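*Asks:* Predicted model follows, preceded by the sequence.
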Amino acid sequence: MSEQPSILLIVADQLTPFTTSTYGHEIVQTPNLDHLANDGIRYDAAYTSCPLCAPARASLVTGKYASNIRVYDNKSSFSCEEPTVAHYLSLAGYDTVLAGKMHFIGADQLHGFHRRLTGDIFPADFSWQHTNQRESPQDNHATAYLKAGATSWAKNQAYDDTVHAQSLSYLHSSPEPPFFLTVSYQQPHQPFMVPERVWNTYADEDIDLPDLPDDLDSLYSTMENWINRFHGILPVRDQLLQSETLRQMRRAYYGMVTEIDRRVGELIQALEETGQRDNTVIIFTSDHGDMLGERGLIQKRYFYEYSARIPLIVNFPDKREHGSTLSQPASIVDIAPTILTIAGIDDQLPMDGVNLLGNSQDRVIFAEQHVEGVNAPCFMVCDGRYKLIEVYGHDSRLYDVINDPKEHHDLHENPEYTTVLSRLRDALYSNFDPQAIEDDIVASLIKRHLLKHAMKANNTKWDYIPHGHKVTRSTL
């Protein structure tokens, strides 16, 4: 491997690691991810910085926590002043190329990438901004989960087909090294309406179901109650938690996970066929997970393991540290500084993340969720064993995720854990100012709401259309 290897970053959307054979699932088969992990490094305690698409992806490319770059939700603009991993790599001579979803909101749709091979799947402007008020209106995400099943055409599948085809075309063009190609798929994001082929992947399997306690409501903090209302869960919870509904939901999701794995295998094959595999580092991750009915919850936005944990695999072509599994906490903010280290770029502006390679220091990592369903700043602090969930001005939860992986037993009022609670809280308030974040969010909501209507009046669009293409995002 040369001093400046090419780098392939593969990002899935809403993929919880627990639904891969790589991380121990007994039904879902992900042989290509297994291969990457067996010949590479698997991080067993990697978390998102925010269990929401746009903030997590902004964190991924900047190496910073969401509130530090003011990307609070899926409607927040991402400042063109923030250096990204693509800016650094472009300056270092890399061909920086992006295919697929990144959910960049704002006029800058490149953020350091030389070019994009596809448009995005979601709008780049403020059209999703529903209100200028702190409290979010209810959406219909819950009902979408009731519709899992086969369909003749699926938007997510069609989008990913385009992303995949463009990515393979780029690799088969044998680009001049070094390149940095980010391939970002939309699956396995809901709705779980999938083509028949994907739906039938696990038709004959006994789909596992979540282990639900008798009294779900006793588990919920203020945060979960807010998000349940936002998702419209409570009116349809009985339907959502019926065994057959959960089975349909997971069957479709598992098929999409294996579909992502198939695509990963074809990307690797393209590298091998073009002689580029021996000088290409491959990194696989996701922006966040999905609860899939665990704790009676669906979708993302929660700090529980199924929503907040992410897969993270780093594979070197020389099989460096192959087969390693690391249990120290890692974060999506660590991916950018790790990539820059791989590329030999030492001169970096400050980041919240750290280079993961050879780094075994004890640390805590954070996650945030401040808008879109919650009405106050919410934080997660995790040291690898203990996880604090802090709803600013409201309540707290503390879990031992090693001995209580389903997070059913809250310890924050147990006097035996006072020292742990204080240590994690001190770390939180030493690194974040919740009241300042709250004030900034309130001001941002008002401004974004105004800009949304002005842009609509002017018919201003920021959606990225690749050079020579006439097809827009709205046609997918």
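*Replies:* Ah, there it is.
*Asks:* Mind checking the pLDDT average for the helix or strand harbouring Met249?
*Replies:* In the assignment (DSSP states H and E), Met249 maps to helix 243-273. Across helix 243-273, the average pLDDT comes to 98.
*Asks:* Could you name the helices and strands sitting against that helix?
*Replies:* strand 6-12, helix 31-38, helix 155-172, strand 193-194, helix 196-199, strand 280-286 (3 or more CB pairs under 8 Å, 6 or more residues apart in numbering; DSSP states H and E). Just so you know, the C-beta spots here come from the backbone N, C-alpha and C atoms, and that holds for glycine as well.
*Asks:* quick one: buried residues of it?
*Replies:* For helix 243-273, the buried set under the neighbour-count rule, 16 or more other CB atoms under 10 Å, comprises 245-265, 267-268, 270-271.
*Asks:* gap between it and the chain center?
*Replies:* Computed by CA atoms, centre = their mean, to the nearest Å, the chain-centroid distance of helix 243-273 equals 16 Å.
*Asks:* Report the inter-axis angle for that helix versus strand 280-286.
*Replies:* 170 degrees (axes from the mean of the first three to the mean of the last three CA atoms, to 10 degrees).
*Asks:* Can you list phi and psi of the residue lying farthest from the centre of the chain for me?
*Replies:* No residue in the chain sits farther from the centre than Pro415, which is 34.8 Å out by CA atoms, centre = their mean. Per-residue torsions, Pro415: phi -60, psi -20 (degrees, to the nearest 10).
*Asks:* what residues does stretch 453-460 touch?
*Replies:* Stretch 453-460 is contacted from outside by Asp125, Phe126, Ser127, Lys461, using CB atoms under 8 Å, 6 or more residues apart in numbering.
*Asks:* and if we set it to 7 Å?
*Replies:* Asp125, Phe126 (CB atoms under 7 Å, 6 or more residues apart in numbering).
*Asks:* Equivalent analysis for stretch 86-99, please.
*Replies:* So stretch 86-99 is contacted by 61, 111-118, 163, 166-167, 170, 175-176, 178-184, 340, 343, 345, 348 (CB under 7 Å, 6+ apart).
*Asks:* Might one say that Leu451 is in contact with Asn132?
*Replies:* No. Using CB atoms under 7 Å, Leu451 makes no contact with Asn132, being 10.5 Å away.
*Asks:* Only the buried residues of stretch 205-212, if you could.
*Replies:* Under 16+ other CB under 10 Å, the buried positions of stretch 205-212 are Ile207, Asp208, Leu209, Pro210, Leu212.
*Asks:* Sorry, slip of the keys, the one I care about is stretch 84-96.
*Replies:* Within stretch 84-96, the residues scored as buried using 16+ other CB under 10 Å are Thr84, Val85, Ala86, His87, Tyr88, Leu89, Ser90, Ala92, Tyr94, Asp95, Thr96.
*Asks:* Could I get the pLDDT score of the second one?
*Replies:* Which is Val85. For Val85, pLDDT reads 98.
*Asks:* List the contacts of it.
*Replies:* Here Val85 is in contact with Val61, Ala336, Ile339, Leu340 (criterion: CB under 7 Å, 6+ apart).
*Asks:* wait, the last one sits on Met351?
*Replies:* No. Contact status for Leu340 versus Met351: not in contact, 8.9 Å apart, counting by CB under 7 Å.
*Asks:* can you map out the strands along the stretch 51-200 of the chain?
*Replies:* Secondary structure of the stretch 51-200 of the chain (DSSP state E, counting those that start in this stretch): strands at 95-100, 115-116, 149-150, 179-184, 193-194.
*Asks:* Quick one: those as TSV, columns for distance to Gly293 and mean pLDDT too.
*Replies:* As requested, the strands of the stretch 51-200 of the chain are exported to TSV (distance: least, CB to CB, whole Å; pLDDT from 0 to 100):
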stretch	distance to Gly293	mean pLDDT
strand 95-100	27	98
strand 115-116	35	97
strand 149-150	16	96
strand 179-184	26	98
strand 193-194	17	95
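*Asks:* and Tyr159, which of the ones you listed is closest to it?
*Replies:* strand 95-100 (7.8 Å; CB to CB).
*Asks:* Now do that closest one and strand 179-184, the angle between them.
*Replies:* 10 degrees.
*Asks:* in the stretch 1-150 of the chain, which ranges drop under the pLDDT threshold?
*Replies:* 1-2, 136-137 (pLDDT under 70).
*Asks:* Revised request: answer the last question for the stretch 251-400 of the chain.
*Replies:* 360.
*Asks:* Tell me which stretches of it form helices.
*Replies:* Ranges of helices within the stretch 251-400 of the chain are 305-308, 335-342, based on DSSP state H, counting those that start in this stretch.
*Asks:* How far does the shortest one sit from its chain's centre?
*Replies:* Chain-centre distance of helix 305-308: 10 Å, with CA atoms, centre = their mean.
*Asks:* from here on, count from 53
*Replies:* Understood, numbering begins at 53; the last thing we discussed is helix 357-360.
*Asks:* TSV please, covering the helices and strands packed on helix 295-325 and showing mean neighbour count and distance to Ser129.
*Replies:* Converted to TSV, the helices and strands packed on helix 295-325 look like this (neighbours: other CB atoms under 10 Å; distance: least, CB to CB, whole Å):
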stretch	mean neighbour count	distance to Ser129
strand 58-64	24	21
helix 83-90	20	33
helix 207-224	19	23
strand 245-246	22	30
helix 248-251	17	34
strand 332-338	24	23
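*Asks:* Redo these as CSV? Include distance to Glu357.
*Replies:* Below are these laid out as CSV (distance: least, CB to CB, whole Å):
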stretch, distance to Glu357
strand 58-64, 17
helix 83-90, 19
helix 207-224, 24
strand 245-246, 25
helix 248-251, 25
strand 332-338, 13
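*Asks:* Which one of those lies nearest to Tyr99?
*Replies:* strand 332-338 (11.0 Å).
*Asks:* ok, residues contacting the closest one?
*Replies:* With CB under 7 Å, 6+ apart as the criterion, strand 332-338 contacts 57-67, 85, 88, 316, 323, 362-369, 384, 387, 394.
*Asks:* got the CA positions of that strand in PDB?
*Replies:* The C-alpha coordinates for strand 332-338 follow below in PDB (Å, rounded to 0.1, in the frame of the first residue of the first chain):
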ATOM      1  CA  THR A 332      -7.600   1.100  -1.300                       C
ATOM      2  CA  VAL A 333      -8.700   1.300   2.300                       C
ATOM      3  CA  ILE A 334     -12.400   0.500   2.800                       C
ATOM      4  CA  ILE A 335     -14.500   2.000   5.600                       C
ATOM      5  CA  PHE A 336     -18.100   0.900   6.200                       C
ATOM      6  CA  THR A 337     -20.500   2.700   8.600                       C
ATOM      7  CA  SER A 338     -24.000   4.100   8.900                       C
END
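*Asks:* what are the phi and psi angles of the nearest residue to His163 once chain neighbours are set aside?
*Replies:* Nearest residue to His163 in three dimensions, chain neighbours excluded: Thr136, at 4.9 Å (CB to CB, 6 or more residues apart in numbering). Main-chain torsions, Thr136, degrees, to the nearest 10: phi -120, psi 170.
*Asks:* dump the residue contacts of Thr136.
*Replies:* Under the criterion of CB under 7 Å, 6+ apart, the neighbours of Thr136 are Val113, Thr114, His163, Gly164.
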